[in-house]
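Peer 1: Model the following, please.
(2 chains)
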Number of protein chains: 2
Amino acid sequence: MKIGILGGGQLAYMLSMAASPLGLSTLCYEPAVPACAARVTDVITASYTDVEALRAFAQQVDVITFETENITPEIFSILAEEQHKFAPHQNALLVAQDRLLEKNCLNQLGIATAPYEAVDSLASLTEAAHKLGYPCVLKTRRGGYDGKGQSVLRSDEDLSQAFASLGSQPLLLEGFVPFSMEVSMLAVRDQAGTVKTYPLVANTHHQGILRESSAPFEHSALYQQAVHAAQKLLDHLQYVGVMAIEFFVVNDQLVANEIAPRVHNTGHWTIEGAVTSQFENHIRAIAGLPLGDCSARGYSYLLNIIGEEPKLQPLLNIAGLHYHTYGKAPRPQRKLGHVTLCHDDPLQLEKMRKQAQALIGV
Amino acid sequence: MKIGILGGGQLAYMLSMAASPLGLSTLCYEPAVPACAARVTDVITASYTDVEALRAFAQQVDVITFETENITPEIFSILAEEQHKFAPHQNALLVAQDRLLEKNCLNQLGIATAPYEAVDSLASLTEAAHKLGYPCVLKTRRGGYDGKGQSVLRSDEDLSQAFASLGSQPLLLEGFVPFSMEVSMLAVRDQAGTVKTYPLVANTHHQGILRESSAPFEHSALYQQAVHAAQKLLDHLQYVGVMAIEFFVVNDQLVANEIAPRVHNTGHWTIEGAVTSQFENHIRAIAGLPLGDCSARGYSYLLNIIGEEPKLQPLLNIAGLHYHTYGKAPRPQRKLGHVTLCHDDPLQLEKMRKQAQALIGV
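Peer 2: Down below sits the predicted model:
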C-alpha cells in the first residue's frame, strides 16, 4: 500500500519513518524545496495549483492524508475524483480550518470553548468586544498558526488598529480565558470506529509557538473530560487517523482551544515515550490496520529546537535524550527539530530537563 | 556528514533510519536489486568488483562502515586510498572473517573458546578429530553464516564425506561444547575508547538461523564475564562501532563462539527495548559522537520472520508488538523481518510471546 501525504515537512518525514517498518510506502506532495521528507521517501515537487501534478499524485497512491491544514477547497476540488481516498475525511479539515466552524462544532457537541463572536466589520467587532469584555483576542477565522493572525485587545482603543491589520478576511473574536495551563490530547480513531487516546500532555508556548511538552500530565478528572470530548468529536466527524485537541485548564475544567486534524507537535514525545507513536497510529488508522497501544512508557519531556540548532555533542551526553533534527535551514522562529527525554523516574527526568534546557538555551 | 555503508540490506536500512534524526545521511553500496535500504536512503547499485563505482562511492562519503562481513581483501585494496575512513577498522573485519584468526585472537586475550584445530587435508582432519574427540564440527574458516559451511562429525566414518563437501578451502575443526544455552553481548566503543555494553541476550537458533532473542538475560556473573571479554576485545582491536559476541553457556561459564564486527540480529530488540538502539549507537560511534545509554527498557522478546510474512492484522492486535518488515521477497530460510515485544512485566511478556508465536508459526 502506498500512502500519499499532502505536505513534505517534518510531520510527513516522521509519518514516513513510521510507515516503512509496517511495509507501507509513502509519496509526499510538497511545493517547497528541500522537503524534510525527501530524506527518507519520494516527494513530488510541485505547486498546489498544478492540476496535472496533483492528479498524478492522487492516482499513484491508495490513500491520501495531509500533514498541513493549508489544503484549500481548490485542492480538494482538483482531487475530487479521488476524494474517497482521503483519511481523515476532508470534512474534518474544513471544520478545523475555520475557527468559527470549529467552535460551532465543539459547542454543538457540548465541549466547552471560550465565548466567541463572528466579526466581519469594525462595527461588529466593537459590538462583540463589548459583549465579551476586555481583554479578548481577535483571530482570523482561517490560516493562522504558531501565533500568527492574532491580536490581543485590551480596550476600545485597540479596536481600529486590530481590525485594520486583520480585517481583510473573516474574523472571530474570542473572550478571555483565565487559564492556569495548557494541555493537549492526542486521540486516534480507526476505520472500524475504535477510539484510543494518549495520556494528557502539558504544554508551554512562547511567542505563540510550542516550546515544551511533558507527558503524561496526570490528572484523572481532566483526563476523563478530555477522553469524553475526543470520543464525541472523533465519532461525530467519523474521523480516521490521529487528531490533537488543545485545551485550556480553567479551575479543573477543560476549555477546548483548537483542534488539529493530524499528527501534532505535542505528540512527538510518543516516538520514544509511548508504546506506539502517534505517527505509527495515524498510519495504522488510515491504512485500515488495528490501532496500537497509546500508553506512556515512563515520563517524557519534549523540547522544540527553534531558530538555530544546538551543538549535538554535549546534548547526546545526556543519557536518555533522543535528538530529532528535521534537516531544515535555520531561520528565526522556525521549528528545526526536537529532543525527547525519557525516564521512569520523574525526578531524574527533571534533572535531565534542566541539562537539556541549559544546552538548548530556553 | 555522510556515512557510507557497504551493503544495502536490512542492517543498512535500520542504520539509515537511525542516522537520519541525528542529521546524518547515508549512502549504501549494494549489488543486489532491490536493496532493502533503498526504501529510505540512496543506494549505489554496482558490483563489488566495479573499481570505478567503489571509488566513486568512497569519495562521496565521510566514513565507511559495513553491514556485511563479506567484504573481500580485493574491495579493501580498491578502497585503499580511502581506508582511513573505515569504521570499524578493517583489521576487525579480517579477524572476524577467518575463524582461525578469530579464535586465535580470543584465546590470546584469555577469552575462552571451544578447542579447535586448523585443517587443510583429510590427514590433518583425521588427526584433529582424534585429538578433539567426537562429536566435533568442521567449519570453513571463511564465509559461513546462518549455519552454512558447517558439518557435524560423529565418528571416523563422517570424515571423508565432510572433507569432500567443504575441503576445497581452509577449514577449522571445533571440539564439542556441551552448552546449556546461547547468549550474546552487544558492545559499542566510541572514538575516544569508551566501551558500553547492552544487557546479555538469550538466543535460540533453528537450522542454524537465529529464531528468537530475549533481553535482558539477567545473570550477573555471566554478564560480568561478557563485559570483561567485550572490553578486552574491543580495546585490543581499537574497535569503533557496535560488535556482537556470541557465547555458549557451559556450567556458568561463557565460551565465545563467534564475533560479528557490526550491528547484529540479536540486537534488533534494542530499537524499542533499549534507551539507545544498537543502530543509533553504531552511527554515533563511527560519526565521532558520544555513545547513548545501553540500558534495557523493561523486557523484550524478538522473533524473526523467516521464509514468509505473516498476516499483519492479527499481529498488530497484540499490544506492545512492533513489526519490522525488511521489504524482501519471500524465500525459504530468508529473514524477511522481525517483531519485537516489550513489556515491563516479564509474565505479561510471556503471554504476548505465545500469542505472537502462534500467529507467526514458530
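Peer 1: Residues of chain A that sit close to chain B?
Peer 2: Counting by C-beta under 8 Å from any C-beta of the partner chain, chain A comes close to chain B at A:16-17, A:20-23, A:25, A:39-41, A:275, A:284, A:289-290, A:292-293, A:295, A:297-298, A:309, A:312-313, A:316-317, A:319-320, A:322-325, A:327, A:342. (Each C-beta comes from the backbone N, C-alpha and C, glycine too.)
Peer 1: where does chain A have low pLDDT?
Peer 2: A:144-147 (pLDDT under 70).
Peer 1: remind me, longest helix of it?
Peer 2: The longest helix of chain A (DSSP state H) is helix A:220-236.
Peer 1: so what secondary structure elements neighbour it?
Peer 2: helix A:99-108, strand A:181-189, strand A:195-197, strand A:241-250, strand A:253-260 (3 or more C-beta pairs under 8 Å, 6 or more residues apart in numbering or on different chains; DSSP states H and E).
Peer 1: how about JSON lines for the ones you listed, with mean neighbour count added?
Peer 2: Below are those laid out as JSON lines (neighbours: other C-beta atoms under 10 Å in any protein chain shown):
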{"stretch": "helix A:99-108", "mean neighbour count": "18"}
{"stretch": "strand A:181-189", "mean neighbour count": "25"}
{"stretch": "strand A:195-197", "mean neighbour count": "20"}
{"stretch": "strand A:241-250", "mean neighbour count": "24"}
{"stretch": "strand A:253-260", "mean neighbour count": "21"}
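Peer 1: Find the nearest non-adjacent residue to residue A:79, please.
Peer 2: Among residues not flanking residue A:79 along the chain, residue A:58 sits closest, at 5.2 Å (C-beta to C-beta, 6 or more residues apart in numbering or on different chains).
Peer 1: Then residue A:215?
Peer 2: In this structure, residue A:215 finds its nearest non-sequential neighbour in residue A:201, 4.4 Å apart by C-beta to C-beta, 6+ apart.
Peer 1: and the residue positioned nearest the centre of chain A, how far is that from residue A:66?
Peer 2: For chain A, the residue nearest the mean C-alpha position is residue A:264 (3.4 Å; C-alpha atoms, centre = their mean). Look at residue A:264 and residue A:66: by C-beta to C-beta, to the nearest Å, they are 13 Å apart.
Peer 1: Break chain A down into its domains, please.
Peer 2: Following automatic domain parsing, one finds the domains of chain A at A:2-86, A:115-175, A:181-360.
Peer 1: Can you give me the end-to-end span of the first one?
Peer 2: Yep, that's domain A:2-86 we're talking about. Domain A:2-86 has an end-to-end distance of 13 Å (C-alpha to C-alpha, to the nearest Å).
Peer 1: And for residue A:26, the neighbour number?
Peer 2: Using other C-beta atoms under 10 Å in any protein chain shown, the number of residues around residue A:26 comes to 27.
Peer 1: again but with residue A:18, I slipped
Peer 2: Applying other C-beta under 10 Å, I find that residue A:18 has 22 neighbouring residues.
Peer 1: is it true that it touches residue A:280?
Peer 2: Yes - with contact defined as C-beta atoms under 8 Å, residue A:18 counts as touching residue A:280 (4.2 Å).
Peer 1: check contacts around residue A:326.
Peer 2: Taking C-beta atoms under 8 Å, 6 or more residues apart in numbering or on different chains, we find residue A:326 in contact with A:9-10, A:13, A:36, A:335-337.
Peer 1: Leaving out the residues flanking it, which one is nearest to it?
Peer 2: residue A:10 (4.0 Å).
Peer 1: for residue A:349, same thing?
Peer 2: Take residue A:349 and drop its neighbours on the chain: the residue closest to it by C-beta to C-beta, 6+ apart is residue A:343, 4.2 Å away.
Peer 1: what's across from that neighbour in the sheet?
Peer 2: For residue A:343, the beta-bridge partners are residue A:299 (DSSP bridges).
Peer 1: could the domains of chain A go into a markdown table alongside distance to residue B:107?
Peer 2: What follows is the domains of chain A, written out as a markdown table (distance: least, C-beta to C-beta, whole Å):
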| stretch | distance to residue B:107 |
| --- | --- |
| domain A:2-86 | 40 |
| domain A:115-175 | 62 |
| domain A:181-360 | 35 |
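Peer 1: Tell me which of these sits nearest to residue B:134.
Peer 2: Closest to residue B:134 of the domains of chain A is domain A:2-86 (C-beta to C-beta; 45.1 Å).
Peer 1: Check the offset of the closest one from the chain's centre.
Peer 2: 17 Å (C-alpha atoms, centre = their mean, to the nearest Å).
Peer 1: ok, back up a step: the residue nearest to residue A:326 and residue A:335, how far apart?
Peer 2: Where residue A:335 is concerned, residue A:10 sits at a distance of 7 Å (C-beta to C-beta).
Peer 1: Which one's more surrounded, the two?
Peer 2: Set residue A:10 next to residue A:335 and count neighbours by other C-beta under 10 Å: residue A:10 wins out with 24 against 18.
Peer 1: thinking again about what came up before, can you tell me the number of residues neighbouring the residue nearest to residue A:79?
Peer 2: Quick note: residue A:58 (other C-beta under 10 Å) scores 21 neighbours.
Peer 1: Could you check how far the closest residue to residue A:74 other than its chain neighbours is from chain B?
Peer 2: Excluding its sequence neighbours, the residue lying closest to residue A:74 (C-beta to C-beta, 6+ apart) is residue A:49, at 7.3 Å. Separation of residue A:49 from chain B (C-beta to the nearest C-beta, to the nearest Å) stands at 30 Å.
Peer 1: Am I right that residue A:49 sits in a strand?
Peer 2: No - counting by DSSP: H, G, I helix; E, B strand; the rest coil, residue A:49 is not part of a strand but coil.
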